[in-house]
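Engineer: next one to model:
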Amino acid sequence: MANKFFPIPAGYFGMALGLAALGLAWRLGGAAGLVPPLFGEGIAFVALVLWFLLVGSYAGKWLYAREQAVAELTNVVQCCFISLIPITTMLMGLILLPYAKLLAWVLLVLGIVGQLAFGAYRAAGLWRGTHSTEATTPILYLPGVAGNFVAGAALGAVGLVEMGLLFFGAGVLSWLSIESALLHRLRTGSPLPPPMRAVMGIQLAPPFVGAATYLGLNGGTPDMLAYGLLGYGVVQAIFLLRLMPWVAKAGFSPSFWAYSFGLGSMVTCGFRLLMHNSVPLLGMSFVVVGTAGIALLALLTIRFFVRT
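Structural biologist: Numbers count the residues shown, from 1 in each chain. Next up, the predicted model:
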């Protein structure tokens, strides 16, 4: 019974992550008068409901299917997905901030502390020489890079800009340190098995999430650093598009939501560019591509679960 009712892996929090990023992006566009405000709030509400369901399911896994939960936590690859829980907790705090400030602050604090604690458990644990080359995948970005970037964005959103910059710096340096080792493994190591290849989508996240965080901390003005991050993000998008036939060889699964955080943050960056009338064609392209990408993921996911 436990195996039947609590099979949901922590990676499924990627769906809430992508929808939350998209909802917050459209909320930003709505606040600037670029799009109807209702769109962003609607997407954010769906993300919030989905997150509550996933949190309940994950708690149930620890209560009724502890062996599965422990196996996931101790798996050298899959455990990194657990960092999505504190990351999405911070995003839910941002979603609730205009409506329930106290609850939002509680979620933000829990998320920031949680991502630091899990980062210490997972990332620092690798310093003991227990990590294999085959286990070096883009999932490694989640604890040290995504968690710090989201913490920086969250702190910036509540006015703690200096604190946010500390986390932004931690995210950037973690990204650079992981990227070189990861690209060396992808280029020279054994190919990722087909079922795991969708995690390549995480490669899209660091430049766009980093740019979105930076723009939220610097007042939203695109500058040289922001354009540099966006340029690298575009290059990563082109590379991933070229690899899509190879990535999709095993068919669609919810693991393709690995692309969603980068796509949602791409929309945020697009609205930032439009708000400053800075390269508006690029900004509009970011909004359209990122939104359409997550919409496609949602449709394919619904079809996947209907057929399963």
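Engineer: rest of the way, CA atoms for contacts and neighbours
Structural biologist: Fine.
Engineer: low-confidence ranges in the stretch 101-250 of the chain?
Structural biologist: Of all residues in the stretch 101-250 of the chain, none has pLDDT under 70.
Engineer: 90 - rerun?
Structural biologist: 121-136, 144, 189-190 (pLDDT under 90).
Engineer: how about the helices of it, start to end?
Structural biologist: Using DSSP state H, counting those that start in this stretch, the helices found in the stretch 101-250 of the chain span residues 101-122, 141, 147-157, 161-188, 205-217, 224-247.
Engineer: and of those helices, who's closest to Gly29?
Structural biologist: With respect to Gly29, and counting by Cα to Cα, the nearest of the helices of the stretch 101-250 of the chain is helix 205-217 at 13.2 Å.
Engineer: dump the helices of the stretch 101-250 of the chain into TSV; add mean neighbour count and distance to Phe304 as well.
Structural biologist: Compiled in TSV, the helices of the stretch 101-250 of the chain are given as follows (neighbours: other Cα atoms under 10 Å; distance: least, Cα to Cα, whole Å):
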stretch	mean neighbour count	distance to Phe304
helix 101-122	19	30
helix 141	24	27
helix 147-157	27	29
helix 161-188	17	28
helix 205-217	26	24
helix 224-247	16	17
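Engineer: of those, which is nearest Asn75?
Structural biologist: Among the helices of the stretch 101-250 of the chain, helix 101-122 comes nearest to Asn75, with 10.8 Å by Cα to Cα.
Engineer: could you give the angle of that closest one to helix 147-157?
Structural biologist: Taking axes from the mean of the first three to the mean of the last three Cα atoms, to 10 degrees, one finds helix 101-122 and helix 147-157 inclined to each other by 160 degrees.
Engineer: contacts for helix 101-122?
Structural biologist: 80, 83, 85-97, 143-144, 147-148, 151, 154 (Cα atoms under 8 Å, 6 or more residues apart in numbering).
Engineer: cool, stretch 266-274 as well?
Structural biologist: 22, 24-26, 28-29, 34, 208-209, 211-212, 215, 220-222, 279-280, 282-291.
Engineer: try 6 Å
Structural biologist: Contacts made with stretch 266-274 from outside it, assessed by Cα atoms under 6 Å, 6 or more residues apart in numbering, are listed as Ala25, Gly29, Phe208, Ala212, Pro280, Gly283, Phe286, Val287, Gly290.
Engineer: could the helices of the stretch 101-250 of the chain go into CSV alongside distance to Ser253?
Structural biologist: As requested, the helices of the stretch 101-250 of the chain are arranged in CSV below (distance: least, Cα to Cα, whole Å):
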stretch, distance to Ser253
helix 101-122, 26
helix 141, 21
helix 147-157, 24
helix 161-188, 22
helix 205-217, 19
helix 224-247, 11
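Engineer: quick one, which of those gets closest to Arg197.
Structural biologist: It's helix 224-247; of the helices of the stretch 101-250 of the chain, that one is closest to Arg197 (Cα to Cα) at 5.0 Å.
Engineer: so how far is that closest one off the chain centroid?
Structural biologist: Its chain's C-alpha centre and that of helix 224-247 lie 16 Å apart, by Cα atoms, centre = their mean, to the nearest Å.
Engineer: just to revisit the earlier point, so which of the helices of the stretch 101-250 of the chain is nearest Leu17?
Structural biologist: Smallest distance to Leu17 across the helices of the stretch 101-250 of the chain (Cα to Cα): 10.8 Å, for helix 147-157.
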